[in-house]
Structures are given as structure tokens and as C-alpha cells.
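> sequence? don't have it. structure:
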């Protein structure tokens, strides 16, 4: 039979109707590529599919449909649940395929279970899009610390129509594997992340040229892991004593530091490939102390914002910290220090540090998306990617009053992150 021709170049946003679906990231609508796009907490993709209806007695084709499945999964760093949604969008149809409906459900393989499934029978047409929504929960234990496991949700659906002899064969689409663990420092909660390998790059013409040149030497000359384009990843280490052991072996206190220099080690002490926890191969070099301290702070910030044990590619930079002027006897409302000025921001962050020692030695580890405290360093995350921001820093004798919350966000509301890498469809 003859059917209307169709194309997979149609934008998914052009087909969307007023359906009760979660909004998907803008970068998801990238054509029907048939693969997942993934960042740390989101995965999205548009997958083309075809439906052919045949007469069971004669085998003759009586109808066809070409449609897109827009799949979207998201997780939260401190919740053991993660969500999955499938939207079916008709491109074209003809014959007995027109006027059909879709319904389905979900299963979860690995360390997870489906705790909520919604995919009732819904009519599919160019103005109506069936939607299936599912919530999965990791089955790893919340204690002891260090539990981890992967789970993979699979949505499945069938098409039906009263005039047909029965439903169609099942069509299914699986998410990328989602890793959940309870090993993130500073919290006892379990969290889940997508299969995303972050890569940080220190540029030789960036704010940390000496650090960048040392990493280049270590990777190219000494053949140490972590180089871009390879699968020899650096893996995050969170155990404080093991990190100290790495640092003691690579940069012992007996080594003489020239004025203005600090000992930089590669691989970093915060990786399992470090001097003591790795194979024993490492590199050290005396570099500018500010580049070493601030560049290391950029690494800590990038690796402490998600669930644990993630793999690290190369590195990226940070910026200078604000100068705090000592007011001496001039105190206002228990204020003991104050400073204000333009601070250069790089890679959405700047650091607050103290050359005399840790700036936040008495503070617990904090990772709340706005402020991160790790090993005595304070990183402030901003909406500004690069450039100068006007910063005011005030030191007080007592904790300031807590800010009043003026809004509430639904726990099911996806959080917007930018597209970062791709993951082929299973």
C-alpha cells in the first residue's frame, strides 16, 4: 500500500503538543540521532522508530507509522531515586495505523527497582503524544559507607486499536546505566549519576601555565594516565589518609621548596593513581605556589559536586581569591574583617583562601551547589563563566543569621545542566 512519505529531520520541538510531560533540556532536541546525550545528572535522546500493521491472515500491509521516541532520564546527587520519561511523537501515518494508541510500563535491571510507573493507554497522532513516566530507586544499602551499584531502566510499550486482532509486538528502550553510591564525602545520603566522564583541561596559555606544562610532561614524557583521548582514566580518591599518603610520598616535607614555589604532584593525591595508592609511577615539580594552590582548588571543586568515585580526564583552572582587609579595632556589628573588589572568575568559580593556612579549617565538608568547602578551602560557584565579578567578603565573630527561604522546588522538577557528552543507544 502507498503511504505518505516522511523524514527524520523534523524538529521534536515542532511536534510537541500540550501534554503532561516533564520539560526536557534544550540540547535534547538535536534531531533524531538515535543516541543518548549525557551529562552528570541528565540523559536525553531522540530515537526514530517505525510501526507496520499487517493482516494476520493474508500478510498484507494495512498501515504504517513513523514516529520518534524522545527519552529523558535525570537524577539528583543526594537522592536514591531517579526518573525516566518516554514521549512518542508521530511523524506520519496511514491506513490502519492511524487512530492507534500506545501504553506500556518499565523494568529495572541491576541494583534498582521501579517504584512508580505511569504509562496508560493514550491516542497517538500528530497532535497527541503518549507519555510514559517512571521512577526508579537504587537497591544498594545506605550503610556502611562505600556502597555502590548500577541500574538500567527499560521502558516498553505496545500499540493497540479496537479493529486490530491484538496488540503489536513490544518496543523497548533502555537508559544508559545509572550509578548510585553513598560514598560522597560530607553526606550520608545515597546519590545517583549518569555514565558521564568529566574532563578538565588546564591550558598552557590559561591562568595556570606552569601546572599545565607539568601535566603535559607527566602524560607525554613519563606516560602517566589521564591524557585526553585515552581510556587510562584517573579515578577519584576520597579517603583523607590515603590522600595524605600520596602527598607524603610524592612531595615529602624534606624536599626544599624554592621561595614562592610549591611541590606539584601528578597524578594528583586525590586520585587512586597517586604516588602511594597507584602503580608507584608519578611526577613532581616545583611550580608557582598560587598556580598550584588555586589550580588544585579547581580540581577539588569539579570532583566534589557529584556522587563519588568518578573518573577524571584532564584538568581545568580556577582564579584568584579576594583580598580581605583587616580592620583592626574598627568593628561594626561583630564584624572583624571586610573586603570588596573585582575578582576574576574562571570556569564558574573562585576560591577563598588564606596564605597562612586553611581558610575553613573548622568547617565541615559542604557541597550545596553554591558553596563548596573541602579540606579547608572554600570555593564559590557562580553563574558567570569567565570574567570579573564584584565580591564582598565579611568576617564576623558570630555566624550570620540564616537566609529566609522564599520558594520551594518540587522534588520531581528536573535541574537544568548543559550538554556534555554522548552515549550510544543500547
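Noted; the coordinates are in hand. All figures in this text were calculated on a predicted structure; none of them were measured in a lab.
> mind listing the helices for the stretch 201-350 of the chain?
Here the stretch 201-350 of the chain has its helices, by DSSP state H, counting those that start in this stretch, at 209-220, 240-250, 289-303.
> quick one, which of the ones you listed is packed in tightest?
helix 289-303 (a mean of 22; mean count of other C-beta atoms under 10 Å). (Glycine included, C-beta is placed from N, CA and C.)
> state the mean pLDDT of the helix or strand harbouring residue 103.
Taking DSSP states H and E as the definition, residue 103 sits inside strand 101-110. In this model, strand 101-110 carries a mean pLDDT of 96.
> what packs against that strand?
strand 81-95, strand 112-118, strand 122-123, strand 131-138, strand 148-160 (3 or more C-beta pairs under 8 Å, 6 or more residues apart in numbering; DSSP states H and E).
> for the stretch 151-300 of the chain, which residues score under the pLDDT cut-off?
Scanning the stretch 151-300 of the chain for pLDDT under 70 picks out the ranges 185-187, 300.
> got the helices of the stretch 201-350 of the chain as a markdown table, with distance to residue 55 columns?
Formatted as a markdown table, the helices of the stretch 201-350 of the chain follow (distance: least, C-beta to C-beta, whole Å):
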| stretch | distance to residue 55 |
| --- | --- |
| helix 209-220 | 63 |
| helix 240-250 | 67 |
| helix 289-303 | 59 |
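> now the strand holding residue 103: buried residues?
By neighbour count with 16 or more other C-beta atoms under 10 Å, strand 101-110 contains the buried residues 101, 102, 104, 105, 106, 107, 108, 110.
> could you do stretch 252-267 as well?
Those buried within stretch 252-267 under the rule 16+ other C-beta under 10 Å are 261, 262, 263, 264, 265, 266, 267.
> any idea how far apart the tips of it sit?
One end of stretch 252-267 sits 15 Å from the other (C-alpha to C-alpha, to the nearest Å).
> and stretch 125-132, by the same measure?
Using C-alpha to C-alpha, the two ends of stretch 125-132 sit 16 Å apart.
> so what touches that stretch?
With contacts defined as C-beta atoms under 8 Å, 6 or more residues apart in numbering, stretch 125-132 is touched by 15-17, 19-21, 85-93, 98-99, 101-106, 117-119, 122-124, 155, 157.
> which among these end up buried?
So, by 16+ other C-beta under 10 Å, the buried ones in the contacts of stretch 125-132 are 15-16, 21, 85-93, 98, 101-102, 104-106, 117, 119, 122, 124, 155, 157.
> returning to what we had before: who does the strand holding residue 103 pair up with?
strand 122-123 (antiparallel), strand 148-160 (antiparallel) (DSSP bridges).
> quick check: angle from the last one to strand 131-138?
I take that to be strand 148-160. 160 degrees (axes from the mean of the first three to the mean of the last three C-alpha atoms, to 10 degrees).
> if you compare the directions of strand 148-160 and strand 81-95, what angle comes out?
20 degrees.
> what's the angle between strand 148-160 and strand 112-118?
Going by the same axes, to 10 degrees, strand 148-160 makes 30 degrees with strand 112-118.
> would you mark the buried spots in strand 148-160?
The neighbour-count check on strand 148-160 (16+ other C-beta under 10 Å) flags 148, 149, 150, 151, 152, 153, 154, 155, 156, 157, 158, 159 as buried.
> give me the neighbour count for the closest residue in space to residue 102 that isn't next to it in sequence.
Counting by C-beta to C-beta, 6 or more residues apart in numbering, residue 102 lies nearest to residue 130, which is 4.2 Å off, once chain neighbours are set aside. Neighbour count for residue 130, taken as other C-beta atoms under 10 Å: 27.
> picking that back up, got a markdown table for the helices and strands packed on strand 101-110, with distance to residue 198 too?
Shown next, in a markdown table, are those (distance: least, C-beta to C-beta, whole Å):
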| stretch | distance to residue 198 |
| --- | --- |
| strand 81-95 | 19 |
| strand 112-118 | 23 |
| strand 122-123 | 38 |
| strand 131-138 | 21 |
| strand 148-160 | 18 |
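> contacts only, for residue 53.
61, 62, 63, 64, 95, 96, 97, 164, 168.
> list only buried entries from those.
62, 63, 64, 96, 97, 164, 168.
> measure the fourth one to residue 53 for me?
Separation of residue 96 from residue 53 (C-beta to C-beta, to the nearest Å): 5 Å.
> which neighbours do these two share?
Going by C-beta under 8 Å, 6+ apart, residues that sit against residue 96 and also against residue 53 are 62, 63, 164.
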